[in-house]
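>>> dropping the sequence and predicted coords here.
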Amino acid sequence: MNNDWWAFEQHPGSAALESSLDGIDHYHRYKEDFELVASLGHNAHRLSIEWSRLEPAPGQFSRAAVAHYRRVLSTLEDAGLTAMVTLHHFTLPRWHAIQGGWLAPGALLAVERASRSGPVPWPPGYSSDRSRRYGEATFWYGLAAGA
C-alpha cells in the first residue's frame, strides 16, 4: 500500500501487532457486502475512498482507482443504498504524510485537488456538510476520524 498506516505497520518495533494486509477484502467483495447490508434493511452505507489509491503521487491520479470507485458507487446505488463517502478516513497517502500531513503547507489544497479529481468530483463552492445529487445517488463528502 501507499499509505502512512501501511508504512507504520512495516516499521520494525511498530505498535501494530500484525499487518492489515487485505483486511476483510472489501476492495474486491463490495458487491456481496452491499447485498448483505441491503438484506439487513439498511438504506445507506458510509464508505471511504482510499486517497493513496486515488492519488498515489502528488497530482498523479490513477485511472484504475477512479474506475474502481465508480464501479463501487454504481454497485451501491444498484443495491438501493445511499452512499455517504469520505475521502479521508484515518490514512494518508505516504507522500502527504512525508510532507507533514495536515500540518503541511498546502494540505487543504491537496485534499481539494484529490476530491475534485476523484470518482465523483467535489464541486467548487461545495461544503462538506451538504449533499449533492449525481444521478440517483446522494453523496456526502468530508473528513472522518483522524482528520
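Everything's here; your move. Numbering: from 1, shown residues only.

>>> show me where pLDDT drops low in the protein?
Along the chain, segments meeting pLDDT under 70 span 6, 16-17, 19-23, 116-147.

>>> show me where it has its helices.
Taking DSSP state H as the criterion, the chain contains helices spanning 4-10, 26-39, 51-54, 63-78, 94-98, 107-117.

>>> and the last one, what's buried?
Which is helix 107-117. 110-111, 113-115 (16 or more other C-beta atoms under 10 Å). (Glycine included, C-beta is placed from N, CA and C.)

>>> so what does it touch, helix or strand wise?
Packed against helix 107-117, as judged by 3 or more C-beta pairs under 8 Å, 6 or more residues apart in numbering; DSSP states H and E, are the following elements: helix 51-54.

>>> residues touching the helix it packs on, excluding its own?
The contact list for helix 51-54 (C-beta atoms under 8 Å, 6 or more residues apart in numbering) reads 1-3, 61-62, 65-66, 68-69, 87-88, 91-94, 96, 114, 117-119.

>>> circling back: distance to His45 for the helices of the chain - can I get that in JSON lines?
Supplementary listing: these in JSON lines, determined by distance: least, C-beta to C-beta, whole Å:
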{"stretch": "helix 4-10", "distance to His45": "22"}
{"stretch": "helix 26-39", "distance to His45": "6"}
{"stretch": "helix 51-54", "distance to His45": "19"}
{"stretch": "helix 63-78", "distance to His45": "6"}
{"stretch": "helix 94-98", "distance to His45": "26"}
{"stretch": "helix 107-117", "distance to His45": "19"}
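
>>> just those helices: most buried one?
Comparing the helices of the chain by mean neighbour count (mean count of other C-beta atoms under 10 Å), helix 51-54 comes out on top with a mean of 22.

>>> spatially central residue in the protein, please.
Ile49 (1.4 Å; C-alpha atoms, centre = their mean).

>>> test my guess that that residue contacts Thr86.
Yes. Under the criterion of C-beta atoms under 8 Å, Ile49 is in contact with Thr86, at a separation of 7.3 Å.

>>> what's the spacing between the nearest residue to Pro56 once chain neighbours are set aside and Glu55?
Leaving aside its sequence neighbours, Pro56 sits nearest to Asn2 (C-beta to C-beta, 6 or more residues apart in numbering; 5.2 Å). Between Asn2 and Glu55 the computed distance is 9 Å (C-beta to C-beta, to the nearest Å).
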